[in-house]
Each structure stands twice: as C-alpha cells, then as structure tokens.
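I'd like to go over a predicted model; first the sequence, then the structure.
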Amino acid sequence: MFKKSFLSIICLFINFFPHNAIENNKTNDYKSILIELGAFPYKEERGSNYFLDRPVIRVDVNGWVSPYYFNSIKFSKEEKTKYNLLTTKKEWINWYYKYESLLDLNLYNKNKDPQLFTIMNFLIDIGNRERLKVTNKKKLIEIAKAGIGLKKKAIALISNIITKKEAIDIYKAICPLSLKNYLLVDWLFCVPKKNESEYMRFLNNSIKNSNLSLYSRWYFHFLLYKMDCKKYQESFIRFFSENILKEQSGIKRASMYHDTIMLNDLEILKRISVFLSSDPDTGCRKIILKRLCKIRYVDNDIINVIHSISKGKGKRHRSDTFLDDPTFWQWELTAYLRCVKDRTTINGKYREKLIKTLDALSKIEFRYSESQKYFDFFNIDIKE
C-alpha cells in the first residue's frame, strides 16, 4: 500500500514539472557551458549574425561566435564584464577534455538542441586548431558519418588516427549525403601499401565508379600512381588529360593541377601546356605557372603558348582577381619566363622566342582605368 502511494506521489511530482521545464534546464546548462568556453552570443547581443568582410563568410554558429574570431570584433565594456571573453588557449584545451563527453551523436539526436550542436562544433574546432589528442574516436566517427553538419571538422580531427577500413566506412556513409568538399577525400585516404589488398581493391573499384565525383576518382588514381608509378602512369595520365576540364570547380581543378605537376613526371608535364591555354579560370592558369616555376620545368610547347598569349591569342578565361590588381596575369607570365630562361633545355630558337615574349610583356602598360582593355587583350572575362 505504501509503495503504491509513494509511486503515485512521484507521478504527480513529474506531471507537476512538465518535460519542457527539464529541457529548458538543459538548454540553460548548455548556454552556461558556451559562456565558460569563452564563446560570445553575438546574435543575442547585436541582433544579427556575424560575417567576416573578406571573404564574406558567416562565422557564428547559431548566433554564437568562437573566441578564435574575437580579434575582429569590437566589444563594449559591458560585454567584456558580462561574458568570459578573456579566455586563453590553455583554458580551451582544458575545457575540450572536460566537455569531450558532449561529443555524442546519441545525446544530440535526443532533442537536437542547437546550443548543444554549437558546443560540439566549438569543441571539435578547438581539437583541430590545437591539434589535440583524441580519446573518443568511435563517437567522432559516428558524428562524421551523420549528416548533421559536422562531418568536415570531425574527419579533419580524426584523419590521422583512423584505420583504412574506418576511412572506407566513413566514405561510404557520407557519399550519399554529399562530397562537395574535396578536402574530405584527401583527409580520409592516403597512399596504399602493396600488401593492403582490401584497400587496393577499394581504390581500383572506385576509379571505375562513374557515380563518384570526378575529383574523388582522380584522387584515387593519384594515390595508386604514388604507390606504383610504373603500373598506373598510363591510366593516371589518360584520366587526368581527358577529365580535368570536365571538373566544374576551379578550386578542385587548381588542386588537381598542383598535385599532378608536383609529381614531376616528364610524361605528365609534356601535356600541361594545353591547359595553360585552355583552362577557363585565370586562377587555375596561375597555379600551373607557379608549380612549373617551382620545379623549374619548361618546354618548347609552353614557350609557344605564352608567346601566343602575349599576342592576345588563346581561349577566353575568367578572372576573380582583377579588382585587386589587373596586371596579375601579366606578372605571373613574366615571373615564370624569368624563372626558367636560363634552363639549358631551351634551344637557341626557343630561347630567342622566350626573350622576345618577355620584352613584349614588359612593354605593355596597363592602368586601372583601362582594365577592360587589359582583359580584352588577354581574352579574360570580367565577372560582373
């Protein structure tokens, strides 16, 4: 009888304090943790989200700004006294390990509290920026696989400690969600060893899978090439030559050019001049020139291409930097030719053409008021 009465009292007590009140207490706890972490409730205090001007990018998470961005914010005296804005990196590290247990997908999925998400975001950010040792790999793998918006940061944090099998499992889990961020593939996978048969099978199957992103397939080719250049050289060069311009993202193409050129494979370098005159983005063409300059490679085809460019010939390409300085493309061309002009591989005829091209580039004068003429001369489209 007593037990039944006791249980009834407990039930009445629970009903008296509704579930929302319990959830509100949790939310208040999360807010106090964010303040302890040194975060600033920008939207609550300023009434708007926080954006960096250059580049224009939103940096607040659910209205909260991480201490990493405090240098760009002017705080009032009231804000400085109200919030914990003078935290140090040592304190952030201590708090990471203190609240590491909150990096829990099951806990987040219970109510999807935005402040808990913000804490998770900031904790993973601290782990990445301070290169902290991870003690909860399994939970971070679960977060990386889930489509809650933290896969990029979570993968970056665990990329050095996961096994090849775990990397494959994560990749298969996030593929249906999206792999728009090309860095995810780079962080997940590394060059295979010849005795890793399962991993090798995965890479070989992936390069044939047309459903994967073009960048992913190129990167898997790249890894196989680095493992055994003789075996995979022909297929890697063929894939690169046939598909590089099909990649729509200029950032991904730039990364592909960079890594491919730095392999310093003569058979690959012989084909690069084509893209110096045909890639649709000025930034990608600059990357090609910079990497060729880095390894001090030049051939007759490259000299011919730059000579044609100096005469205003070549396919049109888009520029995203002319507002900073409309002569960047000319400078890149000139810098490259000066870098390689003393190479012994250039014969007399082409050395003479190189010197004439340098002379032609040096005589072209551009003023900001004539930026349209400059871009017309080099056949570059100006973005509106």
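Right, received. Where do you want to start?

Next up, phi/psi of E196, please.
According to degrees, to the nearest 10, the main-chain angles of E196 amount to phi -90, psi 80.

now do F189
phi -120, psi 150.

can you check E247 too?
Here is the backbone geometry of E247 (degrees, to the nearest 10): phi -70, psi 120.

do G250 as well
phi -60, psi -30.

who does the closest residue to it other than its chain neighbours bridge with?
In space, and not counting its chain neighbours, G250 is closest to D281: 4.1 Å by Cβ to Cβ, 6 or more residues apart in numbering. Just so you know, the C-beta spots here come from the backbone N, C-alpha and C atoms, and that holds for glycine as well. Beta-bridge partners recorded for D281 (DSSP bridges): R318.

Quick check: pLDDT value at P67.
We have a pLDDT of 85 for P67.

I figured it hits N84, correct?
No - P67 is beyond contact range of N84, at 9.1 Å (criterion: Cβ atoms under 8 Å).

shared neighbours, those two?
Jointly contacting P67 and N84 under the rule Cβ atoms under 8 Å, 6 or more residues apart in numbering are 37-38.

more crowded one of those two?
Shown here are P67 and N84; by other Cβ atoms under 10 Å, P67 has more neighbours (21 against 15).

quick one: the more buried one and Y42, what's the gap?
Per Cβ to Cβ, to the nearest Å, P67 is found 12 Å from Y42.

hang on, the earlier thing: count of neighbours near the residue nearest to G250?
By other Cβ under 10 Å, neighbour count at D281 equals 18.

now swap in L157 and tell me
Neighbour number of L157 under other Cβ under 10 Å is 25.

For it, which residues are in contact?
Counting by Cβ under 8 Å, 6+ apart, L157 makes contact with 124, 127-128, 134, 140.

Report the buried members of these.
Burial by neighbour count, 16 or more other Cβ atoms under 10 Å: within the contacts of L157 this picks out 124, 127, 134, 140.

Now render the residues you listed as JSON lines, adding distance to L34 and secondary structure.
Output for the buried ones among the contacts of L157, formatted as JSON lines (distance: Cβ to Cβ, whole Å; DSSP: H, G, I helix; E, B strand; the rest coil):
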{"residue": "I124", "distance to L34": "14", "secondary structure": "helix"}
{"residue": "G127", "distance to L34": "16", "secondary structure": "helix"}
{"residue": "V134", "distance to L34": "22", "secondary structure": "coil"}
{"residue": "L140", "distance to L34": "20", "secondary structure": "helix"}
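
Which two among those are spaced furthest apart?
I124 and V134 (9.8 Å; Cβ to Cβ).

list the residues that contact both of those two?
Joint contacts of I124 and V134 (Cβ under 8 Å, 6+ apart) are 140, 157.

Can you list the buried residues in the helix or strand harbouring D359?
With elements taken from DSSP states H and E, the one containing D359 is helix 348-362. Neighbour-count burial for helix 348-362 flags 350, 353-354, 357-358, 361 (criterion: 16+ other Cβ under 10 Å).

helices or strands up against that helix?
The contact analysis (3 or more Cβ pairs under 8 Å, 6 or more residues apart in numbering; DSSP states H and E) places helix 348-362 against helix 300-310, helix 328-340.

centre of the chain versus that helix, how much separation?
Computed by Cα atoms, centre = their mean, to the nearest Å, the separation of helix 348-362 from the middle of its chain amounts to 38 Å.

Right, I'll call it a day here.
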